[in-house]
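Chemist: I need the structure of the sequence given here:
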Amino acid sequence: QDFESALKDVVKAKRISQSKMNSLTEVALKCMDNDTRMVSILYRQHKGLPPGAKVSSLYAFDALARAARHRVNKTNMTGDLNSGSGNCATFLLRMEGILDGLFQDLVSSHSDELKEKAKKILDIWTKQNTFPSAVLSSLYTLLQTADKDKGAYGLSYWFAKYTFLRNPIHLSCTKSKV
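Modeler: Take a look at the predicted model:
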């Protein structure tokens, strides 16, 4: 089974399956020499999903990142992004490069569940040093800013709705000659 089909099995399933996640992780660890391609597939697949399926995608990112970090720590592996072949260390470095876009996408879905799950993943990554603290700090900030913006948006939406209900605007829909 190749990486892309294993990933699709995980993210398109009706519920998160530990056995499918384990299978994805196993396939990914065998394909680390193609780290650039895997990260590209992960991100592209995530961006194409409807908001309801993005939780599974986030969990796939998490499982793969933690498995790669475990392998890096266990073998004292280092990564060189300029080398011709990838490994778990370069996979993590490449993932760092897309995390901001991933979390921007999660925030833009306006799903409180997704933001809550993203926060939990960040907490795990922080405790396990999955990514550098500077990277994680900026992701925490992104989530916090989204919550603050949501509050401001919610208040302005409520105010506009209340004002409109009290003072409705009547629009006429007539064709105009150009």
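
Chemist: centroid-nearest residue for this structure?
Modeler: Geometric centre of the chain, nearest residue: residue 102, 3.7 Å, by CA atoms, centre = their mean.

Chemist: so it makes contact with residue 39?
Modeler: No. Under the criterion of CB atoms under 8 Å, residue 102 is not in contact with residue 39, lying 10.4 Å apart. (Each C-beta comes from the backbone N, C-alpha and C, glycine too.)

Chemist: which residues does the residue nearest to the centre of the chain contact?
Modeler: 43, 46, 58, 61 (CB atoms under 8 Å, 6 or more residues apart in numbering).

Chemist: dump the host helix or strand of it to PDB, restricted to CA.
Modeler: When elements are assigned from DSSP states H and E, residue 102 belongs to helix 88-108. Coordinates of each C-alpha in helix 88-108 appear next as PDB, following Å, rounded to 0.1, in the frame of the first residue of the first chain:
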ATOM      1  CA  CYS A  88      12.600  11.400   9.600                       C
ATOM      2  CA  ALA A  89      14.600  14.600  10.500                       C
ATOM      3  CA  THR A  90      14.100  16.200   7.100                       C
ATOM      4  CA  PHE A  91      10.500  15.100   7.200                       C
ATOM      5  CA  LEU A  92      10.000  17.100  10.400                       C
ATOM      6  CA  LEU A  93      11.800  20.100   9.000                       C
ATOM      7  CA  ARG A  94       9.600  20.000   5.900                       C
ATOM      8  CA  MET A  95       6.500  19.700   8.100                       C
ATOM      9  CA  GLU A  96       7.600  22.800  10.000                       C
ATOM     10  CA  GLY A  97       7.400  24.600   6.700                       C
ATOM     11  CA  ILE A  98       3.700  23.900   6.300                       C
ATOM     12  CA  LEU A  99       2.400  24.000   9.800                       C
ATOM     13  CA  ASP A 100       1.500  27.700   9.600                       C
ATOM     14  CA  GLY A 101      -0.600  27.000   6.500                       C
ATOM     15  CA  LEU A 102      -2.200  24.000   8.100                       C
ATOM     16  CA  PHE A 103      -3.200  25.900  11.200                       C
ATOM     17  CA  GLN A 104      -4.400  28.900   9.100                       C
ATOM     18  CA  ASP A 105      -6.600  26.400   7.300                       C
ATOM     19  CA  LEU A 106      -7.900  25.000  10.500                       C
ATOM     20  CA  VAL A 107      -8.700  28.400  11.900                       C
ATOM     21  CA  SER A 108     -10.400  29.600   8.700                       C
END
